[in-house]
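A.B. asks: Following is a predicted model, sequence given first.
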Amino acid sequence: MMIDPELILFLDQKKQIENSDGYRHFRKLLKLRFSYLTFLDNSIELKRTFRRFASEHEDFFYTPAKLNKRQRTIVRQLYNAISSAQNLKEHLRKENPSFSQSPGDSDLLYFFRELRNMLVHHHSFSLVSRRVGSTQAGQRSLEVFQSMDLKPFVDYLNERKKAKSISVKMVAQINDLLVFIDTLPTGFSFEKVFSSYCQSILCFYRYWQNSYILSNYPALADLYENPLLYKGKVAPEPVSPLHRRYLGLLLRHGKPEAET
């Protein structure tokens, strides 16, 4: 049985690409992008539910069963969003342990980390749907948003500090969190706090991504310029023509300053 020489050449070239540093780095970037997109999808879904609630609030506030059902949806989506954010942070640090940039506002990070823990262990979240109205120039305006009853959360945190297995560092973080919670006004907008948290996570991801690209720019650039990929002769997964275009975008945004 004769083996096709072109097939042998193709497999050899494919192996060369897969063994390159650029290919290894790009696979890592794509893997982490999946975690990022999971968080992004979950956070967008929750924000859409917030907006839908505000636009349909008349139907909910006068129908307790519908209100409870929509609040359960919000809590479920919130848990998914926070969990995917935690997973993204853990993946980023696992893939690049030397990366020491703090992911945004520590108060927000502690707040949502502990809120997720409470949801896991207590299966509850004191969501409060609010309508705040005001009259200006004879016209009544109404703001509809989600808030939370902080007392059960504070009680949970104080109990958590008493656990024998908790570390000194964790107790200090919870104490900092309690100070932050004390600054939140009664009936605060949970939606605004969540939006700030999302922005913090997204900034952390982009900073990590740009730092990683900058550190491995030559290898990634070599992969992008590989004539085999450029001519479309060899495209091992995940370096399809579509992925190659994505790599080009990453390189343009992460280009070293000396080359811009």
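C.D. replies: Good, I have the coordinates.
A.B. asks: show me where pLDDT drops low in the stretch 1-150 of the chain?
C.D. replies: 1-4, 6-7, 9-10, 97-104, 134-140 (pLDDT under 70).
A.B. asks: show me where it has strands.
C.D. replies: Taking DSSP state E, counting those that start in this stretch as the test, the strands found in the stretch 1-150 of the chain are 127-136, 139-148.
A.B. asks: Now do the first one against strand 139-148, angle only.
C.D. replies: Right, strand 127-136. 160 degrees (axes from the mean of the first three to the mean of the last three C-alpha atoms, to 10 degrees).
A.B. asks: Quick one: distance of strand 127-136 to the chain centre.
C.D. replies: Distance of strand 127-136 from its chain centroid, counting by C-alpha atoms, centre = their mean, to the nearest Å, is 29 Å.
A.B. asks: List the contacts of it.
C.D. replies: When contacts are defined by C-beta atoms under 8 Å, 6 or more residues apart in numbering, strand 127-136 is touched by residues 53, 57, 60-61, 67, 71, 74-75, 140-149, 187, 190. C-beta: built from backbone N, CA, C; applies to glycine.
A.B. asks: winner for burial among the strands of the stretch 1-150 of the chain?
C.D. replies: Greatest average neighbour count among the strands of the stretch 1-150 of the chain goes to strand 139-148 (a mean of 15), per mean count of other C-beta atoms under 10 Å.
A.B. asks: So for Leu46, which of the strands of the stretch 1-150 of the chain sits nearest?
C.D. replies: For these, the distance to Leu46 is smallest for strand 139-148, at 9.9 Å, taking C-beta to C-beta.
A.B. asks: Are there helices or strands packed against that closest one, and which ones?
C.D. replies: Strand 139-148 is packed against helix 21-55, strand 127-136, helix 190-215, with contacts defined by 3 or more C-beta pairs under 8 Å, 6 or more residues apart in numbering; DSSP states H and E.
A.B. asks: Of all the ones you listed, which one is nearest Asp182?
C.D. replies: From these, taking C-beta to C-beta, the stretch that ends up closest is helix 190-215, at 14.2 Å.
A.B. asks: now the helices for the stretch 51-200 of the chain?
C.D. replies: Using DSSP state H, counting those that start in this stretch, the helices of the stretch 51-200 of the chain run over residues 57-61, 64-95, 106-122, 150-161, 168-182, 190-215.
A.B. asks: would you list the strands of the stretch 1-150 of the chain in a markdown table and tack on distance to Thr183?
C.D. replies: Listed next are those as a markdown table, based on distance: least, C-beta to C-beta, whole Å:
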| stretch | distance to Thr183 |
| --- | --- |
| strand 127-136 | 18 |
| strand 139-148 | 15 |
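A.B. asks: All good on my end, thank you.
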